[in-house]
Structures are given as C-alpha cells and as structure tokens.
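S.K.: Based on what follows, work out the 3D shape:
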Amino acid sequence: MKSIYAKALLIFLFIIPVFTESYSKQKTNRYLNIGAGWGHMGLRDQGISPLYYSGNHLFITAGYSKVKDKYVNHLGADLLHGNITPTKYPDPDFSQMNSFRAGVSFSHMRSAGSFASNKVKIFLGGIIDSRFTFYEHNQFINSAKNNFSFSTLSLGKSFIYPFPVNGKQHKIELLIHMPVIALIVRPNHSYISPQGFLDHSTGNFQSVLNSIEVASLNRFFGLGSELSFKYQFRNNNALGIGYRWEYYGHENFNQLKTATHGIVLQTFF
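M.R.: Take a look at the predicted model:
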C-alpha cells in the first residue's frame with residue numbers, strides 16, 4: 001500500500017505546478033496559437049514486433065502562452081495520426097500499423113540572463129508532459145493492439161533572439177528539454193492492458209496506480225528540441241514555423257524506442 005500512496009503523491013506533484021502562477025507589475029502578453037503540419041514517427045516496440053516501424057503523420061497543435069520579461073508559461077496540446085510500416089521488408093504482406101498519439105504539456109521558464117550583448121535571452125525551467133500512444137497492426141490478431149503512456153518532468157532551457165524589422169518584433173526561439181523522471185504505463189508483453197489492470201480484484205483507480213512504473217535516466221531516457229521562427233504582423237498577431245524533434249526510450253521486459261520529428265505552421269493571436 002505504501003507504494004500506491006507514493007505513486008499518488010508523485011501524480012499530485014506532477015499536477016500541482018499547472019495551477020501555480022506568479023504575479024508581477026510587468027507588462028504581460030498573452031497568445032493563443034493553433035497550427036498543423038507534417039510529422040514522421042518511428043517506433044520499435046519489441047512487445048509487438050522486433051521490427052522498426054516508421055511513417056508520415058498529420059501533426060496538429062494548439063496552445064496558450066503567458067509571456068513576461070521574467071518568465072514564460074505555456075500550456076499546449078498536440079495530436080499525431082498516421083500509418084507506420086516496417087523499414088525492412090515491407091512486402092509481400094504489406095504490414096502496417098495505424099498509430100495515434102495525443103499529448104498535453106505545461107512549461108514554466110524563468111529568465112536566467114542573456115548573452116551576445118544582451119541580444120539573446122536565456123530561460124531555464126521545467127516542463128510537465130503527458131503522452132498517450134495507441135497503435136494497431138493490420139496483420140496480427142491476438143496481439144494486434146498495443147499502447148503506452150508516460151508523464152515526464154523535464155528540465156528545459158530556452159534561447160530567445162528577438163530582432164526588430166520595420167518596427168515589428170520578430171523572434172527566433174530554441175528550446176531543449178530532457179526528462180529526469182517519468183511515470184510510465186505500458187504492457188510488459190504484447191497485450192493491450194498493463195499489468196495492474198489484470199488484477200480484477202481491484203478498482204479502476206487502483207489498477208492505474210498498480211500499473212505505474214516510476215523510472216529515471218537509468219530506465220527511461222528522453223531528449224527533445226524545438227526551433228521556431230515567429231513573424232509578427234502590425235496588429236501584434238504572428239505567423240510561426242517550427243521544427244520539432246524528440247526521442248524516448250524505455251528499458252523493461254520489452255524495449256521501447258520511439259522518435260518523432262516534424263514541421264508545424266502556426267498562427268498566434
């Protein structure tokens with residue numbers, strides 16, 4: 001029972017920063033953004049297949065940002081949907097998996113100085129990120145469906161380079177983040193339900209807690225980055241284009257490795 005309480009406490013610590021906020025007399029800018037683009041996802045889940053699958057996806061994003069001189073808060077969500085096929089020997093059986101991923105994240109970054117004659121601003125902070133991925137194989141029967149989800153607490157570093165052109169403030173931003181702790185729910189073997197859900201004597205909530213694995217860098221490693229350019233219009237709205245890349249690997253009975261990169265076009269208003 002102590003492990004269940006510890007996992008519940010960890011979930012609480014992951015959630016509570018979303019509802020905290022600093023107050024200041026500084027000028028505040030708020031932005032709502034929505035965008036879409038192309039993504040390419042690769043996946044090797046040895047619980048369903050030893051092969052590496054990859055393919056193109058539709059990438060949809062949305063978010064809300066609160067920006068001050070001293071800090072930047074961002075709440076975002078994204079959807080990724082497409083098909084992945086084996087990178088080796090896709091014929092003659094035409095194997096493929098239909099994949100779907102949904103995610104939500106919250107980041108809080110605080111000013112940590114500048115360099116290049118104060119032209120490039122540095123922000124340091126943390127990111128809470130939760131992802132759910134589902135995939136179904138078109139050739140399998142008993143083990144056709146699988147999924148995994150994880151929530152991570154990451155350290156992040158952001159570089160922002162604002163530069164004015166004809167009275168408009170454009171920006172180039174680079175964000176780099178790495179998870180330091182993860183809450184993971186995924187089947188140990190090729191089965192859609194994680195281990196805790198197989199105990200029918202427990203309720204759904206306790207089954208979720210029993211299925212959570214708490215891991216750090218020794219069993220869960222990730223790294224992500226985002227490079228974006230924002231072009232500001234006269235009405236303070238903006239158009240942005242960004243490139244995202246991320247990698248996650250989980251070591252358990254069946255090794256999981258997944259990587260995603262893509263280009264997204266966004267509007268800010």
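S.K.: From now on I want contacts and neighbour counts done on CA atoms only, so please keep to that.
M.R.: Will do.
S.K.: Can you report phi and psi for the residue of the chain most remote from its centre?
M.R.: Outermost residue of the chain with respect to the C-alpha centroid, by C-alpha atoms, centre = their mean, is Asn166; its distance is 35.6 Å. Here is the backbone geometry of Asn166 (degrees, to the nearest 10): phi 50, psi 40.
S.K.: ok, it to Asn29 distance?
M.R.: 21 Å (C-alpha to C-alpha, to the nearest Å).
S.K.: returning to that earlier point: quick check: the gap between the residue farthest from the centre of the chain and Thr85.
M.R.: Taking C-alpha to C-alpha, one finds Asn166 at 48 Å from Thr85.
S.K.: so where is the stretch 101-250 of the chain shaky, pLDDT-wise?
M.R.: 140-143, 188-193, 199-200 (pLDDT under 70).
S.K.: What segments of it are helices?
M.R.: 204-211 (DSSP state H, counting those that start in this stretch).
S.K.: Which parts of it are strands?
M.R.: Shown for the stretch 101-250 of the chain, the strands assigned by DSSP state E, counting those that start in this stretch span residues 120-137, 145-165, 168-185, 213-215, 220-232, 238-250.
S.K.: and the ones you listed as a markdown table, adding mean neighbour count and distance to Ser114?
M.R.: Listed next are the strands of the stretch 101-250 of the chain as a markdown table, based on neighbours: other C-alpha atoms under 10 Å; distance: least, C-alpha to C-alpha, whole Å:
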| stretch | mean neighbour count | distance to Ser114 |
| --- | --- | --- |
| strand 120-137 | 20 | 4 |
| strand 145-165 | 19 | 9 |
| strand 168-185 | 19 | 13 |
| strand 213-215 | 16 | 34 |
| strand 220-232 | 19 | 18 |
| strand 238-250 | 18 | 22 |
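S.K.: Quick one: these as CSV, columns for distance to Ala36 too.
M.R.: Conversion of the strands of the stretch 101-250 of the chain to CSV gives the following (distance: least, C-alpha to C-alpha, whole Å):
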stretch, distance to Ala36
strand 120-137, 18
strand 145-165, 22
strand 168-185, 18
strand 213-215, 32
strand 220-232, 14
strand 238-250, 10
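S.K.: which stretch among those comes nearest Asn204?
M.R.: For those, proximity to Asn204 was assessed by C-alpha to C-alpha; strand 168-185 is nearest, at 13.7 Å.
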